[in-house]
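> 3D model of this:
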Amino acid sequence: MSSDVPGLEVAVLAGLGATALVGGAMYLLNRNKSAFAALEDYKHIRDLGAGSFGASFEGVDPKGQPVVVKTMMKPGTWPLEAEIWKEVYPDLFIEAGTREEGFGKQLNRPEYSRNYKHNTFIVMKLLRGHTADQMSVEVVAPIIEDVLKDLKRMHDLGITHNDIKPDNIFVSADQARLIDMGLASKKWTSAQETELESARKAMNEATKAYFKAVKEKASPDVLEKLTLESEQIGKKLRALEDRVPVRGDSRYSPPSDQPVDQRSDIYQTGATAYSMLTGAPPKNCGTQAYPPHVPKAVADVIDKALACYPEDRYRSAESMLNALTPAVRKSMLREQVRR
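Predicted coordinates for the structure are as follows:
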């Protein structure tokens, strides 16, 4: 969705898209205002949007710099997201952290005071621009080229984005950037998979031990000990599960039985390019139908990115970029000759 509404781009940059402030979203936004209030050294300018895990606000930092503050209601997710933002866009990242004081106390509902007692947040510089929408090849091509450059940098760092789509491309006056690192992940190794399975098994065993102790009417001390052990295992399990790669918007993603990795990022980039050129994401993987204004050379590049099998797609963001750039240049030269 494209918009030049002032501040909408801020919500997108903060990773929450252009969520309308109605119904549940307004409720989530109000809930997160308490989180922002805990950041006493930041001045609140306006509310921007809310999602399932948090909300975003435009503000001013202690130095007087316009910023975006994203507050999160799922504390376990912020360290990885902040780490990825900092690595991919060090020029935009300001700070991230957790502030406990004041957050839970300011929430009106007791259950939120219990469950969301930590104010987790990410602060980024404010940018002005808009998100991507249906456009001509001449406009889309440089945007996708910038996306592929960002993607190459991310992949070189061992990071996959996992949620590439038009709403997650931020277009400013001089460049386009991949935004919303909420689902981005670092390379998931076999050692991590083993550790995750071990933690799940330990959690299952701890749960069984607790209920067995309850059934046998164990002493309060024993039950308390088992509870603490379960909490420690659960904390480790949640930390591991927060780093498991998760696929983003299904409309832009490859078949669900395929791994979430660099090749799925390539697919999502192809689906995004197709959507920006045609106005809608592809209905299926593989070769697509294109309107007359899309040159065959460009369509071929997109179709290869949308291949149904990962091994048939481009091997890297760089290889797709190296195919797209000359295809666009060739198409534009032909168009100039016709004129």
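> may I have the beta-bridge partners of the closest residue in space to P142 that isn't next to it in sequence?
With CB to CB, 6 or more residues apart in numbering as the criterion, P142 has its nearest non-adjacent residue at 7.3 Å, and that residue is A176. For the C-beta atoms, the positions are set from N, CA and C on the backbone; glycine is no exception. When bridges are called by DSSP bridges, A176 pairs up with V171.
> now A176: how far from L127?
As for A176, its distance to L127 is 11 Å (criterion: CB to CB, to the nearest Å).
> now swap in Q192 and tell me
In this structure, Q192 and L127 are 33 Å apart, going by CB to CB.
> now swap in A209 and tell me
Taking CB to CB, one finds A209 at 52 Å from L127.
> neighbour count for these two, which is higher?
Taking neighbours as other CB atoms under 10 Å, A209 and L127 compare with L127 leading, 18 against 15.
> hang on, the more buried one is in a helix, isn't it?
No - using DSSP: H, G, I helix; E, B strand; the rest coil, the secondary structure at L127 is coil, not a helix.
> looking at it, it is touching S172, isn't it?
Yes - assessed by CB atoms under 8 Å, L127 is found in contact with S172 at 5.7 Å.
> mind checking how far S275 is from K208?
From S275 to K208 the distance is 48 Å (CB to CB).
> and for F170?
Using CB to CB, F170 is found at 48 Å from K208.
> just D167 next, same as before
44 Å.
> more neighbours, these two?
A side-by-side neighbour count of D167 and K208, using other CB under 10 Å, places D167 first with 20 against 10.
> now do the SS call for the more buried one.
helix.
> check A218 too.
coil.
> report pLDDT for it.
Predicted confidence (pLDDT) for A218: 92.
> please apply the same query to the one 3 residues further on.
With respect to pLDDT, D221 scores 93.
> go on, Q262?
Residue-level pLDDT assigned to Q262 equals 94.
> and the pLDDT at the closest residue in space to it that isn't next to it in sequence?
Setting aside the residues directly before and after it, Q262 is nearest to H155 in space (CB to CB, 6+ apart), at 5.2 Å. pLDDT recorded at H155 is 94.
> please name the nearest non-neighbouring residue to N162.
Spatial nearest neighbour of N162, chain neighbours left out: L183 (4.4 Å); criterion: CB to CB, 6+ apart.
> show the contacting residues for the one you found.
161-163, 246-248 (CB atoms under 8 Å, 6 or more residues apart in numbering).
> so E145 sits against T325, correct?
Yes - proximity of E145 to T325 meets the contact threshold set by CB under 8 Å, at 6.3 Å.
> quick one: the helices in the stretch 101-250 of the chain?
103-106, 110-115, 137-156, 190-215, 220-241 (DSSP state H, counting those that start in this stretch).
> pLDDT of the first one, averaged?
The predicted model gives helix 103-106 an average pLDDT of 34.
> for whichever helix or strand I94 is part of, buried residues please.
For I94, the host element (DSSP states H and E) is strand 93-99. By 16 or more other CB atoms under 10 Å, the buried positions in strand 93-99 come out as 93-94, 96.
> nearest to P220 among those residues?
For the buried residues of strand 93-99, the closest approach to P220 (CB to CB) belongs to A96, at 39.6 Å.
> show me what contacts that closest one?
Going by CB under 8 Å, 6+ apart, the list of residues near A96 reads 78-79, 82, 85-86, 120-123.
> from the chain's centroid, how far away is the strand holding I94?
Relative to its chain's centre, strand 93-99 lies at 17 Å (CA atoms, centre = their mean, to the nearest Å).
> kindly export that strand (C-alpha atoms) in PDB.
What follows is strand 93-99, C-alpha atoms only, in PDB (Å, rounded to 0.1, in the frame of the first residue of the first chain):
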ATOM      1  CA  PHE A  93      19.600   2.400  14.800                       C
ATOM      2  CA  ILE A  94      19.700   4.500  17.900                       C
ATOM      3  CA  GLU A  95      19.100   2.200  20.900                       C
ATOM      4  CA  ALA A  96      17.000  -0.700  22.200                       C
ATOM      5  CA  GLY A  97      16.400  -2.100  25.700                       C
ATOM      6  CA  THR A  98      14.100  -3.000  28.500                       C
ATOM      7  CA  ARG A  99      12.800  -0.600  31.200                       C
END
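> show me the shaky parts of the stretch 1-150 of the chain.
1-40, 50-54, 73-78, 98-119, 129-134 (pLDDT under 70).
> would you map out the domains in this protein?
Domain ranges of the chain: 8-129, 137-186+245-338, 190-241, per automatic domain parsing.
> tell me who's in contact with the residue nearest to Q262.
Counted by CB under 8 Å, 6+ apart, H155 has contacts 262, 265, 316-317.
> then V246?
Going by CB under 8 Å, 6+ apart, the list of residues near V246 reads 162, 183, 185, 260.
> the first one contacts Y267, correct?
Right, N162. No - counting by CB under 8 Å, N162 stays clear of Y267, with 11.0 Å between them.
> looking at those two, which is more packed in?
Applying other CB under 10 Å to N162 and Y267 shows that Y267 carries more neighbours, namely 25 against 22.
> and that one, what element?
Assessed by DSSP H and E, Y267 sits inside helix 262-278.
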